[in-house]
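**Student:** Quick one, what's the 3D model for this:
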Amino acid sequence: MYKYLKIGCWLLCLVCLSHTVDAQKKKRAKKTTKQAIAPKSKKQVKKLVSKVATRKARISVPKQEPNLSNTFNTPSSIDTAGNRTVVITSSFKPSLQYAAKINFTAASAITDSSKLLLNYKIPSSNLFFSYQPIPVSPLAMPVDSALPWKNNHRLKLGAGNFSGFLAEGRFSFGDGKKSITNLKTDFLHASGARFAQQTHRFGLDITSILNTENDLEFTTHAYFNTNTMYRYGYQPETLVYSKDQLLLVYNSVGIETAVKNKTITATGINYNPSIAYYRFTNNVSSSENNIVLKLPMEKIFTKIFLFKLALTADLAGLKTPITNINNHLFVVNPAIVFNTPNVKMNLGIKPGWDNSNYTMLPDIRIESVIPSTALSVELGWVGNFVKNGFRSIAAFNPWIGNLNTMANTSITEQFVGIKGGKANHLSFNGKFAYQQINNQFLFVNEAGDGKNFTTIFEPELKTIKLTGELNYAVQDNFSVLASAAFTQFNQLSKETHAWGLVPFEATAGMQWKPLNDLQVKADLFYRAGSLYQNAALEAKRLSAAIDMNLGIEFSLKPKLNLWLQLNNLFNNLYQRWNQFPVFGFNVMGGVVYSFQ
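**Tutor:** Below is the predicted model:
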């Protein structure tokens, strides 16, 4: 019994002792935890609070709860190091990004030194005037800067080889504002080396312009011309003729009058009606009377849009020793025109009554400026009526015989062209066209001696035509003008060849004023020979013609000038018309007297 009590006491002591040890360990662990968490001083607490970027984290090993099994664990299984605490310190600085702000300062503006280039497209006018600097002086200057009108009177006289004699007169009257009248008279006589190769011409021309107070301009033009020559181109030359048998005289008289408004009317209308009368005769009882009435007008709606209308009535009567021929032509030409800085457009038609035949021709033209260049392109489909008569045909070929028939020519062409200029001195243009021609007149030598030409009207003729022109001018001191025209005649419906028509022609002219008192002029041209029909009815071609003329005029006294003219410097006896050679080298000189 006593033995069992002794064992129970020892067990109770062991239990109490274990509880005491556990309480001391627990107390010791709490004290260690408090020391790890608490800061060392109040200053350090304040410092930690003020720093936003400091953070501390603690990781502690939890203490195991006491249980009955722990009492019987071996001493090696018990952790005698106590609770461990791990302190991790992390540095982080949260901050706000500064936003960019626009600051306005009172700085001065930067000076722009660049230049603004403005390009203006100005068409070449080919009109150049010499401007002289006017010194500044305390004198009263005229209000109008234009040159005042002066009535000039001039007389030109000259003589040369081939028994040549020339006289010209130029006279002007009026005040230059309300009225202007110009009077011109010409006389020329020359005799060639061949028998009856003579020419004698006289002309008188008067033009008068009258301006009214209501802005109307009346223009009157009257003239008289007489041309005496001889049909010297007979073959063979051994034939004997008197001059009276070869005599050929043309007389022409005409008067024209027109009126136009100088300022546009209140309704936007411009007009320019005219009426003319012509009479043309020769010395073999052939005469033609011609009355022409024209009424062109336009109605302007806006700056770019207008309507045009032109009425033409051409009445003619021809009387020859063989027959009488009436030839009348009436044409109406309405058109709508659009005119902008870069594009110009004309849309119209030309209905016409050629005697009793009605024909409708087109009138369409478009012109456009090529951007960023000084060039413009033009294309169109255009038709025209050409009124033929005794006067117009004789002006083209003076050696025609009696006209037994008459017809008017109509031309329809499709073309494309280009034109432009350079630096206000150079201008040029070119055109390529395809033409359909009806009733084109042709000329062949009459059978026998061939001194007369028979006029033939070709019903239908098609051509390809290429033309070009070049002009260079420097004020009024120097200018050059060159032009060329090539024509290919195709598809004649009646004749085999285009008798008497020139296939190629090129001309050039120059005017040079090296000094104020010296002026030089020169002309050069080349012409390909036309086809003609010989006595055996064979087609032959004339030789090509090249000709050059040179003229000089210089001042001898304030009112007296001397002049010299050299014609056909190459002494080329070419023929424009078969069997009619021109004069050879011709020199003529004289004086020019001014009454001013």
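**Student:** ok, which stretches of this protein are helices?
**Tutor:** Ranges of helices in the chain, per DSSP state H, are 2-37, 42-50, 68-71, 243-246, 390-396.
**Student:** mean pLDDT for those: which is lowest?
**Tutor:** When those are compared by mean pLDDT, helix 68-71 comes last with a mean of 40.
**Student:** Spatially central residue (nearest the centroid) of the chain, please.
**Tutor:** For the chain, the residue sitting closest to the mean C-alpha position, by C-alpha atoms, centre = their mean, is Ser376 at 3.9 Å.
**Student:** Tell me how many other residues crowd the nearest residue to it once chain neighbours are set aside.
**Tutor:** Excluding the flanking residues, the one nearest Ser376 by C-beta to C-beta, 6 or more residues apart in numbering is Val369, at 4.7 Å. All C-beta atoms are positioned from the backbone trio N, CA, C, and that covers glycine. Other residues near Val369 number 18, with proximity taken as other C-beta atoms under 10 Å.
**Student:** what sits against Val369?
**Tutor:** Residues near Val369 by C-beta atoms under 8 Å, 6 or more residues apart in numbering: Lys121, Pro341, Asn342, Val343, Leu375, Ser376.
**Student:** cool, and Asp547?
**Tutor:** Asp523, Leu524, Phe525, Asn567, Asn568, Leu569, Phe570, Asn572, Tyr574.
**Student:** and it, bridged to which residues?
**Tutor:** Counting by DSSP bridges, Asp547 forms beta bridges with Phe525.
**Student:** State the pLDDT value of it.
**Tutor:** Here the pLDDT value assigned to Asp547 is 95.
**Student:** thinking again about what came up before, with Thr409 as the reference, measure out to the residue nearest to Ser376.
**Tutor:** Distance, Val369 to Thr409, using C-beta to C-beta, to the nearest Å: 33 Å.
**Student:** now do Phe453
**Tutor:** According to C-beta to C-beta, Phe453 stands 17 Å off from Thr409.
**Student:** Gly500 now?
**Tutor:** To Thr409, Gly500 is 14 Å away according to C-beta to C-beta.
**Student:** who's more crowded, these two?
**Tutor:** Between Gly500 and Thr409, Gly500 has the larger neighbour count (other C-beta under 10 Å), namely 23 against 19.
**Student:** So for the more buried one, what's the pLDDT?
**Tutor:** Model confidence at Gly500, expressed as pLDDT, equals 96.
**Student:** Excluding chain neighbours, what is closest to it?
**Tutor:** Nearest to Gly500 is Phe443, by C-beta to C-beta, 6+ apart, at 3.9 Å.
**Student:** looking at it, that neighbour is touching Thr455, isn't it?
**Tutor:** Yes. Using C-beta atoms under 8 Å, Phe443 is in contact with Thr455, at 6.2 Å.
**Student:** residues shared between the contacts of those two?
**Tutor:** Common neighbours of Phe443 and Thr455 (C-beta under 8 Å, 6+ apart) are Asn397, Ile400.
**Student:** Quick one: residues contacting Leu573.
**Tutor:** By C-beta under 8 Å, 6+ apart, the contact set of Leu573 is Pro581, Val582, Gly584.
**Student:** Sounds good, over and out.
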